[in-house]
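K.L.:
kindly return the folded structure for what I paste below:
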Amino acid sequence: MLSNARIYVFDLVYQNSNWLSEHNANQLAGTMSQLFTTGIEYFTFKNLNFINAYESSIDKIKYSCQLHIEKIIYKENKILCKEYIAELRSKIKGQLKKISLLKFGSILIVNDEFNFASTSGFLIDNAWQGEI
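P.N.:
Below is the predicted model of the structure:
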């Protein structure tokens with residue numbers, strides 16, 4: 001079984017832009033990485049990914065940016081209980097507020113569990129000979 005928690009931060013706006021350039025994403029990733037590493041005890045993660053999202057409907061076009069923090073471990077746990085999720089969300093929010101020119105929306109922390117068991121396929125009818 002593969003188990004890990006992830007963090008999503010939605011609606012990022014950095015330097016008045018909701019679409020991050022590569023330079024701004026790298027700059028922001030470095031700052032966030034340092035703040036999370038030094039400011040949140042017992043918290044580790046594999047990487048920070050910034051996702052520029054584009055949504056289009058008939059009437060309007062919407063741009064947004066999201067942050068995905070992958071493979072987190074908090075207090076030696078890869079899967080987090082409700083209390084740890086609430087605690088970590090509060091601490092992430094506090095660290096993000098320290099970054100000037102950064103605004104953000106909601107923060108979502110989810111647990112992922114994957115089992116590598118075989119899945120059922122489909123039944124092949126032996127009477128079918130592949131003729132069309």
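
K.L.:
okay, now the unreliable bits of this structure?
P.N.:
Scanning the chain for pLDDT under 70 picks out 1-2, 113-132.

K.L.:
tell me what the lengthiest helix in it is packed against?
P.N.:
Using DSSP state H to define each element, the chain has its longest helix at helix 22-39. If contacts are counted by 3 or more Cβ pairs under 8 Å, 6 or more residues apart in numbering; DSSP states H and E, helix 22-39 sits against strand 47-56, helix 82-96. From N, CA and C alone the C-beta is placed, and that goes for glycine too.

K.L.:
what pairs with the helix or strand following it, parallel or antiparallel?
P.N.:
Per DSSP states H and E, the first helix or strand lying C-terminal to helix 22-39 is strand 43-44. Here strand 43-44 is paired, per DSSP bridges, with strand 61-74 (antiparallel).

K.L.:
same question for the partner strand: list its buried residues.
P.N.:
In terms of neighbour count (16 or more other Cβ atoms under 10 Å), strand 61-74 has its buried residues at 64, 65, 66, 67, 69, 72, 73, 74.

K.L.:
same question, stretch 22-30
P.N.:
For stretch 22-30, by 16+ other Cβ under 10 Å, it's 24, 25, 28, 29.

K.L.:
ok, those residues vs residue 93, which is closest?
P.N.:
Using Cβ to Cβ, residue 28 is the member of the buried residues of stretch 22-30 that sits closest to residue 93, with 15.8 Å.
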